[in-house]
Every structure is written in structure tokens, then in C-alpha cells.
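Peer 1: Okay, sequence plus prediction incoming.
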Amino acid sequence: MPEKNRSVYIETLGCQMNVADSERAAGVLRAAAFDLVKSADEADVVILNTCSVRARAEAKVFDRIGEIRHRRNGAQPLIGVMGCVAQLEGEALFQKRNSIGFVAGTRAADRLPDLVNRALGGESRVMDLAERLPGEKWNVGVEHRTSGKTAFVPIIEGCNKFCSYCIVPYSRGREKSRPASEIIREIAGLKTQGYEEVYLIGQNVNSYRPNVIDGLEEVAGATPFAKLLRAVARTGMGRIKFTTSFPRDFHTDIVSALDEHENLCNWVHLPVQSGSDRVLRAMRRGYRIADYMQRVAWIKGARQRLALTSDIIIGYPGETSEDFQQTMELVERCQYDGLYIFKYSERKGTPAAKQFDDVSKEEKASRFARLEELQRSIQTKIYRSYIGSMVEVLVEGASARRADELSGHTTCNKIINFSTEGVEAASLIGKPMPVVVTEAKRNSLYGRIAV
Ligand code: SF4
């Protein structure tokens, strides 16, 4: 009798890059005759794809391993850790938890079948923290994508920026851009499979710089990323979004490309992190506020209305009340459509962790609340300004509020809920719909289908 396939469950924590890595891991495991299952309770092998951006990353992984093992009465699964925590901690994970059977770094997804088979075959402490192999293709089968309508397409991995507080350059290595021809082929294929939207993803997408310019020879553009945007737009994919952009590498030609192509969405996420030049220098961000505001002027000066969102860290070591005041002033000037505010907390292994975390918990909480309040008032005004206008929504499913309402994201990346008014709701899911905005809440819009 043929041997039964082993089953694998992959659990993903963290960013879109991890989602994309898990999709890729699922593809190679399936191709190697593993069955993919939806719960850790029934799997022979459990893989935790981990994130180290937030505090207590390692402890959270151990807590989750404890939970998984606790729920199993009979045979315990083989447990593997992949992703950022795996890359950073390596061998130490085996010492801290002997229930871990294998460790796969951030660039080992394609080699998972071999690692898993070796661990299942009885080899202990199987580990791979190596680079991707030259020529590895980024193949993800449609059956392994998280969504049938929106796909994440990594275009660049890693980061060369080494901001003082960030662990990513250590966990994901140096920047490596995928060949443009491969990206364009993948997106053209996704369009054929019925995908409506792609997100070009990477730590800094606009730092895109492939070794070989193949596929972009005939495309106009001041930077490889601006060329790539135009080339991807020409595939005819319905909606194209990209995140994240690094301010120093943000060229005005990106805005020109967005103005030229309707399917390049009208949203830019441009993290600033602080409104103080002194703090930006300490963070080693490599730009000053004047440089950043130049980029904001380009974005706000676009022919169409572009939504602008950002990230800010408050309470970085040494941040004075004057520095914080400058951040408040910057937020007032930028009028962001959305803002992700983080309280600084140290990441082991980063240069900033060597500095004394001198802004008290209470002060961080107070600055957070003040900035949040300011952003709330700006956002309320911005969201209200959409009332009466028509937006295009990619319908994702029922809204969280009411079963008879649908919900989705606009091209400018805002959540909108809308009534279906007698239309059969199920038939609209996965489709782009024109919706007239009738109401604005703090973090979402409300509307009705345009007729
Ligand atoms: S640009 Fe800075 S914050 Fe962003 S991933 Fe690179 S090091 Fe981290």
C-alpha cells in the first residue's frame, strides 16, 4: 500500500513578506507531496513563520509552541520555526526548546521539503540559515495564495538602510531585487487567473535595483522602480498597489507614473518616523525633514488626488518634548490620510538598543495620545471630504458591522462598507465596484453602489 502523505500546517505571523514566504513554502511542500492542512491540531508537521519586529517575538513563539503541544493528546507534531526569529536566533532556539525539530531562515523557504524530510527521518537540530540559491524562481501556485483576488508579489527582499532601531537588515539580509521579467510574467499570469489586484511588496520597494535590466529596456522611467511600475501597469492588471516606500529613494517620477496609469492606485505609504532632524539623524534614516517635505509636495502636487499614509515612532531614546512638538507640527503639515503610531521599544541586537531608553512609559503614553488625537481630527476632516464622491472598491466580503453590507478597500486604500440594496451580495465579491460615499467614520467610509 502506498505510504500516506505527511500533512503540514503553516502559521504566519507578521508582515506581508511573511505571508508571501508562507505561500511560497506551501507551494514547494505541496510539490514535494506533503498535504497542507488548516489546523495545527491535525498536522504531522507544524511550521511557525515568525516575525521579530514587535517586542517579545521569541517568547511569543515559545508560547505558541506550548499551546500547540498542550492541545495534542496523542502523537506530537514535528515543529519547525521559520522566518525572522529563526534567522536571528538560529541554534539557540534548539537549546531553549528541545521540542523544535528544525529551523529555517528567511531565505530557506524553497529548501523546506528537504529540511522537513530530514527532521522526519530522525535527524535532530536540522537548520538552514543560508541565502537563496542563485536562479531560484518565485513560484506560487494559485491554490496556495491567501486570496483569490488580491496577490502579494515581492519585488525586493532585505534592506540596506540599517536604521538604528530596526532588526530587518539582520533578519532579512541585504537588498536583493527580483528580475523585472519574472515579476511582469507573474503579474500577467495572475491577471489570466482572474486576479483583480496586486501589491508589489518589499521593505523598500522604491529601492528596487535588479542586477540585470531585463524586461525594462523599452520602458521609460527615471529609476528602475518607476520603470517597473509602468511595465506592470501595461500588463493590464486591474489595480496595482505598492508598499513600503523609503523617503530617500522616492523619486518624483513615481508620481508621474501614477498620474499616467489609472491602474496604478492613488495611494503612497511613506514612513517618516519623526518630525525632528535631530531624531532622524539618531535613527540613521538618511534624510532631513526638508527632503521629506519635498516628496510630500510631489505627492500632493499630483494631477489626481493621492492618499498619503505614514509611520511614526514616538519616544525614541533622547526624544525631547521639543522634538516631539516638531513631529506634531509635521503631522499637521502633511495631513496624512492614515498614520501608524508606534511607541519605541528596544530590539535586541540593534544599535539603538545600546542607548538608554530614557523616555518614560508615562511620557510615551502621553505623547502617543496627543499625536493620536491630532491625527484623528485630521483624518476625520479628510474622510469627510470624500462624501459625495465616487470611489472604486474591490469587494472583499460581508462588512464586520452588518451581514447585509459588503466591505472592501478603495484604490486609495481606505476601508469602505456599503449597502447592497437588493443586489445579490455574493455575486459582487471579488469584483471592483463603483461606490458613492455617503458617510464618513473615523477609520472607514460608508456608501452605496453607484448606479
Ligand atoms: S528602511 Fe529602516 S526601518 Fe525600514 S526595514 Fe530598512 S532598516 Fe528597517
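Peer 2: Yes, it's here. Numbering: from 1, shown residues only.
Peer 1: So, low pLDDT: which residues of the stretch 1-150 of the chain?
Peer 2: Residues of the stretch 1-150 of the chain that meet the criterion pLDDT under 70 lie in 1-2.
Peer 1: ok, which stretches of it are strands?
Peer 2: 7-12, 35-36, 45-50, 78-83, 100-104, 126-128, 150-154 (DSSP state E, counting those that start in this stretch).
Peer 1: Okay, now the sheet partners of the following helix or strand past the last one, with direction.
Peer 2: What that stands for is strand 150-154. The helix or strand immediately downstream of strand 150-154 is strand 156-157, counting by DSSP states H and E. When pairing is defined by DSSP bridges, strand 156-157 lines up against strand 176-177 (antiparallel).
Peer 1: picking up where we left off before, which of the strands of the stretch 1-150 of the chain sits closest to E143?
Peer 2: For the strands of the stretch 1-150 of the chain, the distance to E143 is smallest for strand 35-36, at 8.9 Å, taking C-beta to C-beta. (Glycine included, C-beta is placed from N, CA and C.)
Peer 1: what pairs with the closest one, and is each one parallel or antiparallel?
Peer 2: strand 7-12 (parallel).
Peer 1: Okay, and the beta partners of E157?
Peer 2: K176.
Peer 1: ok, it touching V168?
Peer 2: No: E157 lies out of contact with V168 (C-beta atoms under 8 Å); the separation is 10.2 Å.
Peer 1: Identify the contacts common to those two.
Peer 2: Residues touching both E157 and V168 (C-beta atoms under 8 Å, 6 or more residues apart in numbering) are Q203.
Peer 1: Tell me how many other residues crowd L406.
Peer 2: When neighbours are counted by other C-beta atoms under 10 Å, L406 registers 25.
Peer 1: quick one: contacts for F242?
Peer 2: Going by C-beta under 8 Å, 6+ apart, F242 touches 199-201, 205-206, 229.
Peer 1: Write the PyMOL selection for whichever of those residues are buried.
Peer 2: PyMOL command restricting the contacts of F242 to the buried ones, with burial defined by 16 or more other C-beta atoms under 10 Å:
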select buried, resi 199+200+201+205+206+229
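Peer 1: Intersect the contacts of F242 with the contacts of the ligand.
Peer 2: By C-beta under 6 Å from any ligand atom, no member of these lies near the ligand.
Peer 1: With distance to L13 and secondary structure added, can I get the contacts of F242 in a markdown table?
Peer 2: As requested, these are exported to a markdown table (distance: C-beta to C-beta, whole Å; DSSP: H, G, I helix; E, B strand; the rest coil):
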| residue | distance to L13 | secondary structure |
| --- | --- | --- |
| Y199 | 18 | strand |
| L200 | 22 | strand |
| I201 | 16 | strand |
| V205 | 22 | helix |
| N206 | 26 | helix |
| L229 | 30 | helix |
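Peer 1: So which bits of the stretch 151-300 of the chain are right by the ligand?
Peer 2: Remark: the part of the stretch 151-300 of the chain in contact with the ligand comprises 159, 161-163, 166, 168-169, 203-204, 246, using C-beta under 6 Å from any ligand atom.
Peer 1: Switch the contacts of F242 over to JSON lines; also include pLDDT.
Peer 2: JSON lines is the format used below for the contacts of F242 (pLDDT from 0 to 100):
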{"residue": "Y199", "pLDDT": "97"}
{"residue": "L200", "pLDDT": "97"}
{"residue": "I201", "pLDDT": "96"}
{"residue": "V205", "pLDDT": "97"}
{"residue": "N206", "pLDDT": "97"}
{"residue": "L229", "pLDDT": "98"}
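Peer 1: For the closest residue to the ligand within the stretch 301-450 of the chain, give me its contacts.
Peer 2: Closest approach between the stretch 301-450 of the chain and the ligand, counting by C-beta to the nearest ligand atom: D311, at 8.5 Å. Contacts for D311 (C-beta under 8 Å, 6+ apart) come out as 269, 271-273, 339-342.
Peer 1: So how do I select the buried members of those in PyMOL?
Peer 2: Buried members of these, defined by 16+ other C-beta under 10 Å, are picked up in PyMOL with:
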select buried, resi 269+271+272+273+339+341+342
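Peer 1: ok, how many other residues are close to G221?
Peer 2: Using other C-beta under 10 Å: G221 sits among 18 other residues.
Peer 1: Repeat that for S321.
Peer 2: Counted with other C-beta under 10 Å, the neighbours of S321 add up to 11.
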